[in-house]
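Colleague: Based on what follows, work out the 3D shape:
(4 chains)
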2 protein chains.
Amino acid sequence: MAREHAVGLTVRDVAARAGVSPMTVSRTLAGGKNVRPELQQRVWAAARDLGYHRNENARSLRPGQPSGLIGIAITNLGNPYYGEFAIGVEEVAAQHGRRILLGNSDEDQARERQLVADFVGRQVEGLIVVPAAGAKASHLSRAELEGRPLVLASRLVDDVWADVVVLDDVNGAYQGAKHLIAAGHRRIGYLGNVASVSTGQRRFDGFCRAMAEAGLAVEPGYVARQQQTAASASAAMEQLLRLPQPPTAVFAANNRNTIGALTAIARHLDGGAGWGPSVVSFDTFDLAELSPVPLTLIAHDARALGRKAAELLFDRADKGPDHPPVLQTIPVSLRVVRPEPPGRIEGAGPAT
Amino acid sequence: MAREHAVGLTVRDVAARAGVSPMTVSRTLAGGKNVRPELQQRVWAAARDLGYHRNENARSLRPGQPSGLIGIAITNLGNPYYGEFAIGVEEVAAQHGRRILLGNSDEDQARERQLVADFVGRQVEGLIVVPAAGAKASHLSRAELEGRPLVLASRLVDDVWADVVVLDDVNGAYQGAKHLIAAGHRRIGYLGNVASVSTGQRRFDGFCRAMAEAGLAVEPGYVARQQQTAASASAAMEQLLRLPQPPTAVFAANNRNTIGALTAIARHLDGGAGWGPSVVSFDTFDLAELSPVPLTLIAHDARALGRKAAELLFDRADKGPDHPPVLQTIPVSLRVVRPEPPGRIEGAGPAT
DNA sequence: CTGTTAGCGCTTTCAA
DNA sequence: TTGAAAGCGCTAACAG
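Modeller: Numbering: from 1, shown residues only, chains lettered A, B, ... in the order given. Model prediction:
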């Protein structure tokens, strides 16, 4: 228990204490292959007494030795969706004995580029990137990554050679829009992400497909696709509510847009309006049950997305870099939180 | 532009290409002190053409060289509160050119211990830890950390020599409870965290103080302090609602408990009950505006908490390890989201 | 201003 | 089964 203010201990310190050579210490700590059990005991005891921690950086300096690090770049950790995603990655990484190097790109390409470069400099064994809006392939090329495996998560980027795991965006949005149409809605608004984010485009595509199949036009005046925050989504929703003929339902393409929409709708109702539009939301979120209007979620498991991303990374390490890229899709499912009351739509609309 | 599948490039490769010595490359990349501008140009060009990334691990191997890494252990990244916290830390760390090594302890002491040990092995320059429930001082001792600075965030741990940044838990809870009492409430329930988490204890203390000052007893039947998840909080709230004399108001000591409580209350109201208890919530959360009952938040800035934690860490690096530990408090403030209608309490309670 | 030498902590040879 | 030597990529310290 003579654990002093230990700093800068090395294998040699442990070796000296155990009365063996540094190599015996190294071998023991690496698993003990070809080391007499008795010596192993001595080494472990010495390491414990001294409070020795193997220097992982020095260890990975040797070529062929893995660094044990995985780099993750996320656009917005404050979004619980990405928080769950990160947990999923971390879970699988920890199972494989790897640690997470985390960066928040804040939806900024320059920052993302910087993060990726730094991850490479730190010898990460692989990268998992949720690409920022408008991110290009250049800083994600194989050359730039020095051959390290890359997994794109949640969002796609053109012309990048990488494994990809995304939600079933197109189909999910299609199902969600169909759900509204089947309930009788004809005037349907759309609140979504910028098109430079692949989910923004894919979900809008699914929405449009359902509308087209039903013979409904996607009115530009009902579409707002620039909202990255709940606050701006709330403002966009208010615009829709102020229209002479507001939509009877709204498709919100992610949790920030849904939260903004519901906030605006609640304010609207508190203001005395007796009526508010139904909502379909891509993504789940807390307190969905409190929705004052009919609400259906396009639900999915963000943690599973993170787990799958990490699994793809480790799979790639096994398969080698030359197998063709994999594209995995995480399923989504409709979850009706507050059903549409019968006959609601016929009488829908603002009091005139 | 001859950027090939570059892997394992070293200063020597760059030096060869630039026609200089490795030291000139090193000096240039380190800022260019005492290197002729012309040579610097050549070096940068060579590095760019080759796609060279400096090996940060090798760089930090040299004693005195900082690793550029900060370790963070968080209990639950999926909680947006901690997501915001992590962003705050990352922001400040990035400003200082440091990168984040992140681990999710999942409220598990063993996992936290493992994370901390690994962070030390990776030569982090400092650690920021949100201690898991019941975490003890042993694995956070100065010896165990080999003298690295430690900041405890959000929660306290006894007998740990570390800087600390916490929310103003006691006073916040006190103000929140007083707010309910001032509104006329006498039967007040409490939903909170386990006492082995310092916030759980501190917030309960503040609550009790306000109750005592008002001459009100804290009825054990109205107190539930074992909920770590929204689901269990919801169940606890249902219990309270089923009491013959349910509380007219509830103090929820964190966001998970509030979300559970509001969910249960909403279900209760949907079930036809005309009445539900008022709520005061420690922590903010999305969609608070949708609360069906009077709601006041004890609000604070989780990102600021993260920023402050990182600042304390860098301050400590300047001040040296022997200055006495600092305890910083992040202020909180009451925010009325849905006010108490006048005369509500007199008639409160279940229909009999 | 530039280059050479040496060594950070660890582990892969290779020899005993 | 154990140890000695060498070297991973980088940069202080010291020449030149």
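Colleague: How about the contacts made by A:Leu181?
Modeller: Not quite, residue A:181 is Ile, not Leu. Each residue near A:Ile181 by C-beta atoms under 8 Å, 6 or more residues apart in numbering or on different chains is listed here: A:Ile188, A:Ala210, A:Met211, A:Ala214, A:Leu216. Quick note: C-beta positions are derived from backbone N, CA and C, even for glycine.
Colleague: just curious, which of those is nearest to A:Ala302?
Modeller: Distance ranking of the contacts of A:Ile181 against A:Ala302, using C-beta to C-beta, places A:Ala210 first at 23.8 Å.
Colleague: wait, is the closest one part of a strand?
Modeller: No: if the criterion is DSSP: H, G, I helix; E, B strand; the rest coil, then A:Ala210 is helix and not within a strand.
Colleague: can you tell me how far A:Gly97 sits from A:Ala182?
Modeller: Distance from A:Gly97 to A:Ala182, counting by C-beta to C-beta, to the nearest Å: 49 Å.
Colleague: Going by neighbour count, which of the contacts of A:Ile181 comes out on top?
Modeller: The most crowded member of these is A:Ile188, carrying 25 neighbours; neighbours defined as other C-beta atoms under 10 Å in any protein chain shown.
Colleague: List the strands paired with the helix or strand encompassing A:Ile298, with their directions.
Modeller: Assigned by DSSP states H and E, A:Ile298 belongs to strand A:295-299. Strand pairing for strand A:295-299, determined by DSSP bridges: strand A:278-282 (parallel), strand A:333-338 (antiparallel).
Colleague: Dump the contacts of A:Ile181 to TSV, plus pLDDT and distance to A:Gly88.
Modeller: Converted to TSV, the contacts of A:Ile181 look like this (pLDDT from 0 to 100; distance: C-beta to C-beta, whole Å):
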residue	pLDDT	distance to A:Gly88
A:Ile188	97	32
A:Ala210	98	29
A:Met211	98	33
A:Ala214	97	36
A:Leu216	97	37
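Colleague: out of the residues you listed, who's nearest DNA strand C?
Modeller: Proximity of those to DNA strand C (C-beta to the nearest atom of the strand) peaks at A:Ala210, which lies at 56.2 Å.
Colleague: contacting residues around that closest one?
Modeller: A:Ala210 neighbours (C-beta under 8 Å, 6+ apart): A:Ala173, A:Tyr174, A:Gln175, A:Gly176, A:Ala177, A:Lys178, A:Ile181.
Colleague: Can you flag which of those belong to helices?
Modeller: A:Ala173, A:Tyr174, A:Gln175, A:Gly176, A:Ala177, A:Lys178, A:Ile181 (DSSP state H).
Colleague: how about the residues of the stretch 1-150 of chain A near DNA strand C?
Modeller: Residues of the stretch 1-150 of chain A lying close to DNA strand C (C-beta under 7 Å from any atom of the strand) are A:8, A:10-12, A:22-23, A:26-27, A:29-30, A:54-55, A:58-59, A:61-62, A:64-65.
Colleague: Okay, and which of the residues you listed map to helices?
Modeller: Those of those lying in helices (DSSP H): A:Val11, A:Arg12, A:Pro22, A:Met23, A:Ser26, A:Arg27, A:Leu29, A:Ala58, A:Arg59, A:Leu61.
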